[in-house]
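Undergrad: I'd like to go over a predicted model; first the sequence, then the structure.
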Amino acid sequence: MRNDDDSNGASVQSVDRALTILEILAKVGEAGIGEVATTLGVHKSTASRLVSTLAAHDLVELTGERGRARLGVGVLRLAGSTSARLDLVQEARPVCQELAAETNETVNIAVLGGRSALYIDQVIGPSTITSHNWVGQHIPLHATSNGRVLVSELSPRERRATWGELTAYTEGTVTDPDELDRLVDAARERGCAVVRDELDVGLTAVAAPVRNAHGEICASMSVSGPSFRMDPERVEEVVPVLVAAAAEVSSRLGWHQEPVGLTAAT
């Protein structure tokens, strides 16, 4: 057997082998380093190095019994995150459908994904002829209503670490950190954020927080549409409906206290 960790394809091969180790342990429960090496077809030293790396991330636990390994708590953490996201989509979908039907606009659900807002579900309103499919896309936090809601309960210092590069996407994009802090603070106070023509010229969106059973913001729900249709007066009409819908999803996720500071947007 040849140890080719120094070859150009070593990184991809190591990832493939690491995933195979997880699959092995999921199937057999526990395995020794020698057993892992034999199944992978690699030297025992290579298998040991891969298992140690997985253990460092809590994906594998070393039992101390003759070097045996089993799946670690990190796998549960990842599975729990995926399960929570799937639960969110499942619980939010009927509410989003009702909201889209009532507002005739596009409704999106987003979660914090590193330094961006990750869009995980979308329902298009009946009057919307065409709409960009945002599902699966990472959208900048600073230039979107969803993004500003998702960071609204972080401290200013945490926000600035989360913003990433403050790129100007249109002439109206706010890129000044102090101004962004002011806008996010205002969004937190009134329970929603409104962004007009900052990510795309002609696009307006308003977002409200979705809370988990602990009352923490776990997602945001937005209503978006063309700016000519989502004028300030129309936004004022949408805000209470959106806030109520987001509260309904929060209730479905186990949050049974009314969010504070929910007033109409100005």
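TA: In hand now; what should we look at? Numbering: from 1, shown residues only.
Undergrad: Going by C-alpha atoms from here, please, whenever you check contacts or count neighbours.
TA: Noted.
Undergrad: shaky segments in the protein?
TA: Within the chain, the set of residues satisfying pLDDT under 70 comprises 1-10, 64-67, 75-86, 127-132, 257-266.
Undergrad: let's see 80
TA: Where the chain drops to pLDDT under 80, the residues are 1-11, 14, 25, 58, 63-67, 72-87, 126-134, 256-266.
Undergrad: hey, what's the residue most central in space within it bridged with?
TA: Most central in the chain under C-alpha atoms, centre = their mean is V111, positioned 3.1 Å from the mean C-alpha point. Assessed by DSSP bridges, V111 has beta-bridge partners L118.
Undergrad: That one and Y119 touch, don't they?
TA: Yes: counting by C-alpha atoms under 8 Å, V111 sits close enough to Y119 to count as a contact (6.5 Å).
Undergrad: For V223, the count of nearby residues, please.
TA: By other C-alpha atoms under 10 Å, the residues close to V223 number 32.
Undergrad: do V235 as well
TA: When neighbours are counted by other C-alpha under 10 Å, V235 registers 22.
Undergrad: ok, which stretches of the stretch 1-150 of the chain are helices?
TA: 10-28, 33-40, 44-56, 73-103, 145-150 (DSSP state H, counting those that start in this stretch).
Undergrad: possible to save those helices as JSON lines with distance to L166 and mean neighbour count?
TA: Supplementary listing: the helices of the stretch 1-150 of the chain in JSON lines, determined by distance: least, C-alpha to C-alpha, whole Å; neighbours: other C-alpha atoms under 10 Å:
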{"stretch": "helix 10-28", "distance to L166": "32", "mean neighbour count": "15"}
{"stretch": "helix 33-40", "distance to L166": "45", "mean neighbour count": "18"}
{"stretch": "helix 44-56", "distance to L166": "34", "mean neighbour count": "18"}
{"stretch": "helix 73-103", "distance to L166": "27", "mean neighbour count": "16"}
{"stretch": "helix 145-150", "distance to L166": "12", "mean neighbour count": "32"}
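Undergrad: Could I get those in CSV, plus columns for distance to E198?
TA: Shown next, in CSV, are the helices of the stretch 1-150 of the chain (distance: least, C-alpha to C-alpha, whole Å):
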stretch, distance to E198
helix 10-28, 39
helix 33-40, 51
helix 44-56, 42
helix 73-103, 22
helix 145-150, 10
